[in-house]
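J.: Coordinates for the following, if possible.
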Amino acid sequence: MRPSLVIVGLGNPGKNYENTRHNAGFRAIDVLSQEFGAGEWQPKDKFHAHIQEARVVTVPVLLVKPQTYMNRSGEAVQKLVDFYKLNHAEQLLILCDDIDLPLGELRLRKKGGPGTHNGLKSIVHVFGEDFPRLRIGLGNHPPAVDLAAWVLSVFPKDDAHAIDTSLATLPDMVRQFVLGDA
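T.: Below is the predicted model of the structure:
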């Protein structure tokens, strides 16, 4: 299948990072997998990623979890864009966490800067700022806590519930994005 859209959820591979705040992109891609996925997740070394074919309405989509660490996300994304000869400004959607948004808020933008997000910085380094991204709000981190330690910590139960509740709206947002209504 040649995808018309590649949706990449950013996160860190491995059990140690599974339920951390920084893996909100993986959590989001799992929601899309449940709604739109077709078949099993497949490890693809040539992309440094796990991929799953999907269909949103009638559009063929590839769901992706990079298996590089967050700060090297651009490597996996570039391999996919190059292999499928995609226009990154129109055929790519990145899902990632954002510490500057209130907990659970979802914000879709067609382009923009990376802010403090190392995964987005890596992708911006490859493609510039012209690619769509959907940010998932983590809320502000406590000032006395190291930012890296906080984003790599596990969600408390209430925060995880708030994220899951907001991610339940994600399939409709993606449907609208695919149909050009977003």
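J.: contacts for the helix or strand harbouring Val77?
T.: Secondary-structure element containing Val77, defined by DSSP states H and E: helix 73-84. Counting by CB atoms under 8 Å, 6 or more residues apart in numbering, the neighbours of helix 73-84 from elsewhere in the structure are 2-3, 6, 8, 10, 46-49, 62, 64, 66-68, 86, 88, 91-92, 94, 119-120, 122-127. For glycine as for every other residue, the C-beta is placed from the backbone atoms N, C-alpha and C.
J.: Mind checking which of the residues you listed are in strands?
T.: Within the contacts of helix 73-84, residues falling in strands by DSSP state E are Val6, Val8, Ala49, Leu62, Val64, Pro66, Leu92, Ile94.
J.: ok, and the most crowded of the residues you listed?
T.: Across those, the neighbour count under other CB atoms under 10 Å reaches its highest value at Pro66, namely 30 neighbours.
J.: contacts for the helix or strand of the chain with the lowest mean pLDDT?
T.: Sorted by mean pLDDT, DSSP states H and E, the helices and strands of the chain end with helix 147-151, the least confident at a mean of 91. For helix 147-151, contacts defined as CB under 8 Å, 6+ apart pick out Thr20, Arg21, His22, Asp97, Ile99, Thr116, Leu138, His141, Pro142.
J.: what's the average pLDDT for the next helix or strand after it?
T.: As assigned by DSSP H and E, the chain's next helix or strand after helix 147-151 is helix 157-167. Over the span of helix 157-167, the pLDDT mean works out to 94.
J.: what's the spacing between helix 157-167 and its chain's center?
T.: When distances are taken as CA atoms, centre = their mean, to the nearest Å, helix 157-167 is centred 16 Å away from the chain's centroid.
J.: Give me the buried positions along that helix.
T.: For helix 157-167, burial by neighbour count (16 or more other CB atoms under 10 Å) applies to Ala162, Ile163, Ser166, Leu167.
J.: Stretch 112-125 too?
T.: Counting neighbours by 16+ other CB under 10 Å, stretch 112-125 gives Pro114, His117, Asn118, Gly119, Leu120, Lys121, Ser122, Ile123, Val124 as buried.
J.: try stretch 136-153
T.: Ile136, Gly137, Leu138, Gly139, His141, Trp150, Val151, Leu152.
J.: picking up where we left off before, report the lowest-confidence entry in the contacts of helix 147-151.
T.: Thr116 (81).
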